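In: the following comprises the amino acid sequence and a computationally predicted model.
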Amino acid sequence: MKVPFYDAWESASERQRRRLIKERLSAYLRQARRLPFYADRLARFRPGCEHPLAEVPVLTPDASRALLPPRSRRLLARGAAGWTVFQSGGTTGAPKTSLFSHEEMEALCLPNARGYHAVGLRRGDRVANLFAAGGLYMSFLHVHRALEAFGCVNFPFSNHAAPESVRNCARLFGINCLTGVASVALNCLREMEKLDLRGVRIEKFFYSAEHLYDADKTELRERFGVRRVATHGYGTVDTWYLGYQCAACPTGVFHAHDDQVFLEVWDEDGRRPCSPGQAGMLYATVWSRRLTPLVRYRVGDRARWLGARCSCGRTTPLFELLGRGDDVLRIGFDSIDYRYVQDCVGRVRGLLGSVQMQKERETGRDRLVVRAETRAPAPARRALAAALSRELLSRRPTLRDGVEQKAVWPVRVELLDQGGLPRNPRTGKLIRVKDDR
Ligand SMILES: [Zn+2]
């Protein structure tokens, strides 16, 4: 029997969809216009048009930060009192601050539940929550609440838990699902394996906040016997959940939460809306954020609409996430996308999915450095490094030509032991891109 969707919105008709989106957008902008900051900016909202926000200025993360406490209250709804302060980032530059009202925190249960249901979570599953807790991080808190509401048996470990305690509890209580930041949850499982996984059976692995690449997924399936690996939600702390996967979604593809957020994809300069298939920058108008209304917020991620229906039957539209706009290194005349490097690593058998790329500059020339982790013994590593070098160059003529013409230095590949790449000490997230400039 086909498992029903979590809620009726997921199979709403095009007509229902259009009507509700139009209503919500208009109502939200009416509310936002009460703030002096938005009054002028929203004057050119065209509710009847295909791109109703086309003439509304884009709100950048920097601009929004300057409008929020502690610097200003200009983006705060009138009469706002209590809220929770979250921060993220902070490894480079100022951390991003986001304020959520208590109602907003509670409202995250819906996109959480929709996403978790779509990837295969069921009531009664025994779930280890490995998301980041403390330090003004947000994910652990709302995932905890959502798992309670969903009806799971809940193990609030956080990202700080010792793998040994997770392993022991998994044995005692039959934990069958891990959820967390992809690299943190995967590393936890790898450490549990070192301790001995007998009596432990992890069937489901639901991650977010990072991509999990095919090499990692293969490892989860083949080495650990995990049956379901997917992202229950893609979102950012400065916006909301924007999308979720279903069992049919390949890596990087999401259904939009188009009843929660009005999503747009525009070209890099913000001049033209992208048609399906065309990559551009993602803008979000987040209806669920009432405390600090966000209209045309530049998310910072690149994406494209797929324009096709998903085989799962959901009518929520599909988009593909193409990585952070800042996950790109300019090497000579080429722009190397982190995802490209990840894909190359995934094609070399023997390398794990964790990768870092770095730009170095020596005597006026750029060099791409790629670091990857492996369990292979030292004598086998030279061949693996050479294979990865070949992969990186052969699939990218612009880079290969740059090296051949000596415009850039040859690529350097460094292989490290599992867990050897640097990670953010607070969240455990991999530091994926480094730029020496
Ligand atoms: Zn689907």
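Out: On my side now, so go ahead.
In: nearest residue to Leu322 other than its sequence neighbours?
Out: Spatial nearest neighbour of Leu322, chain neighbours left out: Arg302 (4.1 Å); criterion: C-beta to C-beta, 6 or more residues apart in numbering. For glycine as for every other residue, the C-beta is placed from the backbone atoms N, C-alpha and C.
In: beta partners of the one you found?
Out: Taking DSSP bridges, one obtains Met281 as the residues bridged to Arg302.
In: isn't it up against Met281?
Out: Yes. The criterion here is C-beta atoms under 8 Å, and Arg302 meets it with Met281 at 6.1 Å.
In: and the protein, which residues reach the ion?
Out: Neighbours of the ion within the chain, by C-beta under 5 Å from the ion: 246, 248, 310, 312, 314.
In: what are the ranges of the strands in the stretch 1-150 of the chain?
Out: Secondary structure of the stretch 1-150 of the chain by DSSP state E, counting those that start in this stretch: the strands cover 84-88, 96-100, 126-129.
In: give me the sheet partners of the last one and which way each runs.
Out: Partner strands and pairing direction for strand 126-129 (DSSP bridges) are strand 153-155 (parallel), strand 177-181 (parallel).
In: same question for the first one.
Out: Taking DSSP bridges as the criterion, strand 84-88 forms sheet pairs with strand 96-100 (antiparallel).
In: what's the strand it pairs with in contact with?
Out: 61, 65, 68-70, 76, 83-89, 138, 237-238, 291-292 (C-beta atoms under 8 Å, 6 or more residues apart in numbering).
In: can you give me the buried ones in it?
Out: Neighbour-count burial for strand 96-100 flags 96-100 (criterion: 16 or more other C-beta atoms under 10 Å).
In: now swap in stretch 143-163 and tell me
Out: Here stretch 143-163 shows 143-147, 150, 152, 154-159, 161, 163 as buried, counting by 16+ other C-beta under 10 Å.
In: now do stretch 123-135
Out: Buried residues in stretch 123-135, defined by neighbour count with 16+ other C-beta under 10 Å: 125-133.
In: just the pLDDT for the residue lying closest to Ser394 once chain neighbours are set aside.
Out: Nearest-residue entry for Ser394: Arg400, 7.1 Å, with adjacent residues in sequence omitted and distances by C-beta to C-beta, 6+ apart. Arg400 carries a pLDDT score of 90 in this model.
In: and Gly252, how far is that from Asp301?
Out: 11 Å (C-beta to C-beta, to the nearest Å).
In: joint contacts of those two?
Out: Joint contacts of Gly252 and Asp301 (C-beta under 8 Å, 6+ apart) are 321-322.
In: on that earlier part again, can I take it that the residue nearest to Ser394 is in a helix?
Out: Yes. Secondary structure assignment (DSSP: H, G, I helix; E, B strand; the rest coil) places Arg400 inside a helix.
In: okay, now it: neighbour count?
Out: Neighbourhood size, Arg400 [other C-beta atoms under 10 Å]: 16.
In: cool, and Tyr213?
Out: Using other C-beta under 10 Å: Tyr213 sits among 21 other residues.
In: and for the one 3 residues further on?
Out: If you count neighbours by other C-beta under 10 Å, Asp216 ends up with 23.
In: verify the contact between Arg145 and Cys109 for me.
Out: Yes. Arg145 is in contact with Cys109 according to C-beta under 8 Å; the separation is 6.3 Å.
In: coming back round to it: export the strands paired with strand 126-129 as JSON lines, with columns for mean pLDDT.
Out: Below are the strands paired with strand 126-129 laid out as JSON lines (pLDDT from 0 to 100):
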{"stretch": "strand 153-155", "mean pLDDT": "98"}
{"stretch": "strand 177-181", "mean pLDDT": "96"}
